[in-house]
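Asks: 3D model of this:
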Amino acid sequence: MTGPLAPLWRGRRCGLVAGVALLLAGCSGPPAHHPAPRTTARWINPTPEQRQCLASLGQAQTQFSPLPDQYFGAGCATINTVQLAWLRSDHAQLHVVNIGPVTCALATTLQGWARFGVDRAARAALGSPLARIDTYGSYNCRNVAGTERRSAHATANAVDIAAFTLADGRRISIKGGWSDGSAAERTFLRLVRDSACKRFSVVLTPDYNGAHRDHLHLEVGAPHPLCK
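Replies: Sure thing, here's the model as predicted:
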């Protein structure tokens, strides 16, 4: 994103001052089968809770851009979302691949999990720090598979994790590592799962069903916690 309406928030320079408007960039357009979204700029006058969420991301030295609210209809919307550029570990940037809009609440939870869960699990089980997280995306206007109920992806409250790349170049995918990886890789992925279950309201793994054989579904805001 470029131009005066696309601020780049860097954690080390992220200061939220009450009364100062947040200029917003537009986010990617809706799926072709949806009408053009109605867009509002709620982040221009954020609530105290929203300011605190953005402040938490800044304090964690996460690089992100706030996005305007968009309503796509049929239960699909991206409200109070940000676009993540990278997360932060104890000593380095953690790149996040293929992620779209995520709610600020999901972003802060993802940051804590990546730094204190995944990175430290990688060091302990595999002897190398984390460098990158590959995802299958976040926002997606769709239902939970096999139901008429909207998925948390439809409100940008979920992200699907595909793989982790370490600083030494090794890539551990959910599909290849969950059941068929080395003992160390399987241990790492279970540590990652256990850490996620302490932070996210819903964590679905390949043990849940075949639809999750190649990713971890991580979700915030669910009324009934589930870790499977």
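Asks: how many other residues sit next to residue 213?
Replies: 14 (other C-beta atoms under 10 Å). In this view, the C-beta of every residue, glycine as well, is placed from N, C-alpha and C.
Asks: Show the contacting residues for residue 85.
Replies: Shown here is residue 85, whose contacts under the criterion C-beta atoms under 8 Å, 6 or more residues apart in numbering are 8, 63-65, 96.
Asks: Quick check: PyMOL command selecting the buried ones in those residues.
Replies: Buried subset of these, written as a PyMOL selection, criterion 16 or more other C-beta atoms under 10 Å:
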select buried, resi 63+64+65+96
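Asks: Any chance of JSON lines for the contacts of residue 85, columns pLDDT and secondary structure?
Replies: Putting these into JSON lines (pLDDT from 0 to 100; DSSP: H, G, I helix; E, B strand; the rest coil) gives the following:
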{"residue": "8", "pLDDT": "36", "secondary structure": "coil"}
{"residue": "63", "pLDDT": "94", "secondary structure": "strand"}
{"residue": "64", "pLDDT": "94", "secondary structure": "strand"}
{"residue": "65", "pLDDT": "93", "secondary structure": "strand"}
{"residue": "96", "pLDDT": "96", "secondary structure": "strand"}
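Asks: So which of the contacts of residue 85 is the closest to residue 51?
Replies: Of all those, residue 64 has the smallest distance to residue 51: 14.2 Å, by C-beta to C-beta.
Asks: what's the spacing between the closest one and residue 88?
Replies: Shown here: residue 64 relative to residue 88, a distance of 11 Å by C-beta to C-beta, to the nearest Å.
Asks: could the contacts of residue 85 be laid out in CSV, adding distance to residue 185?
Replies: As requested, these are arranged in CSV below (distance: C-beta to C-beta, whole Å):
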residue, distance to residue 185
8, 35
63, 29
64, 30
65, 34
96, 21
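Asks: wouldn't residue 133 be in contact with residue 89 here?
Replies: No - here residue 133 does not reach residue 89: they are 10.6 Å apart, not a contact under C-beta atoms under 8 Å.
Asks: Between these two, which contacts overlap?
Replies: residue 114.
Asks: Would you mind finding the longest helix in the protein?
Replies: Taking residue count as the measure and DSSP state H as the definition, the longest helix of the chain comes out as helix 183-199.
Asks: Show me what that helix is packed up against.
Replies: When contacts are defined as 3 or more C-beta pairs under 8 Å, 6 or more residues apart in numbering; DSSP states H and E, helix 183-199 sits against helix 104-113, helix 119-126, strand 171-173, helix 174-177, strand 202-204, strand 216-219, strand 226-227.
Asks: Considering only helices and strands, which part of the protein has the lowest mean pLDDT?
Replies: Among the secondary structure pieces of the chain, namely its helices and strands, strand 38-40 has the lowest mean (mean pLDDT, DSSP states H and E), a mean of 48.
Asks: Packing partners of the next helix or strand after that one?
Replies: Downstream of strand 38-40, the first helix or strand assigned by DSSP states H and E is helix 48-59. Judged by 3+ C-beta pairs under 8 Å, 6+ apart, helix 48-59 is in contact with helix 104-113.
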